[in-house]
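[1] Sharing a model prediction with you, sequence too.
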Amino acid sequence: MRISLSTIPLPELDVDLLIYPVVQESLDEVLVSLAPYLTAPPERIRDEFKGELAQTFFFYPEGLSAARVLLLGLGASDELTPERLRRSMAPAAGIVMEKRTDTVAIVFPTLPVDEETAGQAMVEGFMLSTYRFEKYKTEQSTTFEGPGRLVLHVEGKQQAARRGAERGRIIAEATRFARDLVNLSPHEKSAQDLARYAQQSAKKYGYYAEVWDRERIEKEGMGGLLAVNRGSVDPPTFTILEWQPENAVNSNPVVLVGKGVVFDTGGLDLKPPQYMEKMKTDMAGAAAVIGTMEAVARLKLPVHVVGLIPATDNRPGEKAYVPGEVIRMHSGATVEVLNTDAEGRLILADALSYARTYDPELVIDLATLTGAQVVALGRLAAAFMTNNHGDAEKRTETFVALGEKTGDRVAPLPMYEEYKDLLKSDIADLKNVGNREAGAITAAKFLEHFTDYPWVHLDIAGPSYLDQPFHYRPKGATGFGVRLLVEFLRTLK
């Protein structure tokens, strides 16, 4: 989608649809300014349109070059936030997609939000709302990929609005790319395929990518990744991504770790059919890392960032790992396997152990790790957990605030030391599952065992994939985590 700014007089703006966002307090003023172009009295419009959040009013104007006009309610100005502004774009985008509109303009409203923030939020909301995944549709004539051009009509601080709009475009495209990766059919998403998609992105946008094969993984002693992979006919991969600009503000890198289980049957502890059908999504953490690295490189952020992606499928093949087996991990620790469906933590543990070699400032892992996270928090927020290395309280406050700002919400869960007792094993250093209680937390406590640096764990099982659309998040993959991580890295000092 091409995005541009325009300052030409509004009557001369030649587009298929003109979207006019309106805060409730300015409704009368807007109707007065549009009066020469209305085909109905302002009083009649006011009866039907109050400017409430996400409310719309559609009409065909007289005297405007724009073919159609859509009034879009933003609600009360004192309640307007970047997230509400993003969400307001969803109904407008729905109309755009329904009417297959090619050229769209948005009148930049006077808002209690600065122009740069507003530009980013509106573009993100619009582009994320127009996302559709129709790669496998055979009736191509029925598909519509979205408008080809989006124009922001700006009368105020044009440069600030332009910066925000461009940043919003790049971040939205990276999020859409992460959605695409998750939505792909499993037959196009082996561990090797996932590594190749990351390499293609790195080559296109100028960041580093290296992919380890089975031989190198064996040499590094990544026993968790190798064990999970034993039931597969496809080899595992371990992908290293890196963006290291000369003007980096951090002397030690931030390391992002993404769970890359490209399909999870549960292994020998086979999942029930109703859960297995969505297990192509079990690499959403890896997709978020790839999308984040792409956005960071395209935005040329002055931060040193490393991405680590352990990848495999988890299948019950002839040599599959079994309950009761003891695995020696990359760190040297031993793990008693009690459930082969608790595989994500095994491959993440190897990656977290390897992350030590970077002497990281902070390590953040993202994983569709537990059904317990969905039970606890549903689809509205990821579970946030962290260790006590460094300032854990400040980290928590930062991520909660950034989650509210970006819409990728996180909710902290406690990491009491007593939870680790649930992972004690009689024959190994620890076992890979606790009991039914506090499943999301005990999974995080397992991962914590392999960290000796500041670390954040995001369990994104719920918000990474939706059964029903929610504002600018579609049914299917949401790309959760990309915008949260980019904003964190963008504001890193």
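    Yep, it's here.
[2] Identify the residues contacting whatever helix or strand residue 44 lives in?
    Under the criterion DSSP states H and E, the helix or strand holding residue 44 is helix 42-48. Residues outside helix 42-48 that contact it (CB atoms under 8 Å, 6 or more residues apart in numbering) are 27, 28, 31, 32, 35, 38, 57, 59, 71. (Each C-beta comes from the backbone N, C-alpha and C, glycine too.)
[3] cool, stretch 464-472 as well?
    By CB under 8 Å, 6+ apart, stretch 464-472 touches 86-87, 89-90, 93, 124-125, 128-129, 182, 278, 281, 284-285, 288, 368, 379, 407, 473-478, 480-481.
[4] just to revisit the earlier point, the contacts of helix 42-48: which two are farthest apart?
    28 and 59 (17.0 Å; CB to CB).
[5] Show the average pLDDT along the helix or strand following the helix holding residue 44.
    Using DSSP H and E, the helix or strand that follows helix 42-48 in sequence is strand 56-59. Mean pLDDT, computed over strand 56-59, is 92.
[6] Please compute how far the helix or strand just after strand 56-59 lies from its chain's middle.
    Next in sequence after strand 56-59, counting helices and strands by DSSP H and E, comes strand 68-75. Per CA atoms, centre = their mean, to the nearest Å, the displacement of strand 68-75 from the mean C-alpha position of its chain is 27 Å.
[7] who does strand 68-75 pair up with?
    Paired neighbours of strand 68-75 in the sheet (DSSP bridges): strand 17-23 (parallel), strand 56-59 (antiparallel).
[8] CA atoms only for the following helix or strand past that strand, dumped as PDB, please.
    With elements assigned by DSSP H and E, the helix or strand that comes after strand 68-75 is helix 82-98. This file holds the C-alpha atoms of helix 82-98, laid out as PDB (Å, rounded to 0.1, in the frame of the first residue of the first chain):
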ATOM      1  CA  PRO A  82      -3.300   5.900  20.400                       C
ATOM      2  CA  GLU A  83      -4.900   2.500  20.900                       C
ATOM      3  CA  ARG A  84      -8.500   3.900  20.600                       C
ATOM      4  CA  LEU A  85      -7.400   5.700  17.500                       C
ATOM      5  CA  ARG A  86      -6.100   2.400  16.000                       C
ATOM      6  CA  ARG A  87      -9.300   0.600  16.900                       C
ATOM      7  CA  SER A  88     -11.400   3.300  15.300                       C
ATOM      8  CA  MET A  89      -9.900   2.500  12.000                       C
ATOM      9  CA  ALA A  90     -11.400  -1.000  12.000                       C
ATOM     10  CA  PRO A  91     -15.000  -0.200  10.900                       C
ATOM     11  CA  ALA A  92     -13.700   2.200   8.200                       C
ATOM     12  CA  ALA A  93     -11.300  -0.400   6.900                       C
ATOM     13  CA  GLY A  94     -14.200  -2.900   6.900                       C
ATOM     14  CA  ILE A  95     -16.200  -0.700   4.600                       C
ATOM     15  CA  VAL A  96     -13.100  -0.200   2.400                       C
ATOM     16  CA  MET A  97     -12.700  -3.900   2.000                       C
ATOM     17  CA  GLU A  98     -16.400  -4.600   1.500                       C
END
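[9] Sort out which residues of helix 82-98 are buried, please.
    Across helix 82-98, burial judged by 16 or more other CB atoms under 10 Å covers 82-93, 95-97.
[10] now the contacts of helix 42-48 as CSV including distance to residue 356 and neighbour count?
    What follows is those, written out as CSV (distance: CB to CB, whole Å; neighbours: other CB atoms under 10 Å):
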residue, distance to residue 356, neighbour count
27, 57, 18
28, 62, 12
31, 62, 19
32, 64, 10
35, 67, 11
38, 65, 16
57, 58, 18
59, 61, 16
71, 56, 23
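[11] Looking at the chain, which strand is longest?
    The longest strand of the chain (DSSP state E) is strand 305-314.
[12] send the alpha carbons of it over as PDB?
    The C-alpha coordinates for strand 305-314 follow below in PDB (Å, rounded to 0.1, in the frame of the first residue of the first chain):
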ATOM      1  CA  VAL A 305      19.500  -6.700  18.600                       C
ATOM      2  CA  VAL A 306      19.900 -10.400  18.300                       C
ATOM      3  CA  GLY A 307      17.200 -12.900  17.400                       C
ATOM      4  CA  LEU A 308      17.400 -16.600  18.200                       C
ATOM      5  CA  ILE A 309      14.900 -19.100  16.700                       C
ATOM      6  CA  PRO A 310      15.100 -22.800  17.600                       C
ATOM      7  CA  ALA A 311      12.700 -24.600  15.200                       C
ATOM      8  CA  THR A 312      11.300 -28.100  14.700                       C
ATOM      9  CA  ASP A 313       8.000 -29.800  14.500                       C
ATOM     10  CA  ASN A 314       6.900 -32.200  17.300                       C
END
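[13] Return the distance of it from the chain's centre.
    For strand 305-314, the distance to the chain centre is 16 Å (CA atoms, centre = their mean).
[14] Parallel or antiparallel, list what pairs with the next helix or strand after that strand.
    Sequence-wise, the next helix or strand downstream of strand 305-314 (DSSP H and E) is strand 326-328. Here strand 326-328 is paired, per DSSP bridges, with strand 334-336 (antiparallel).
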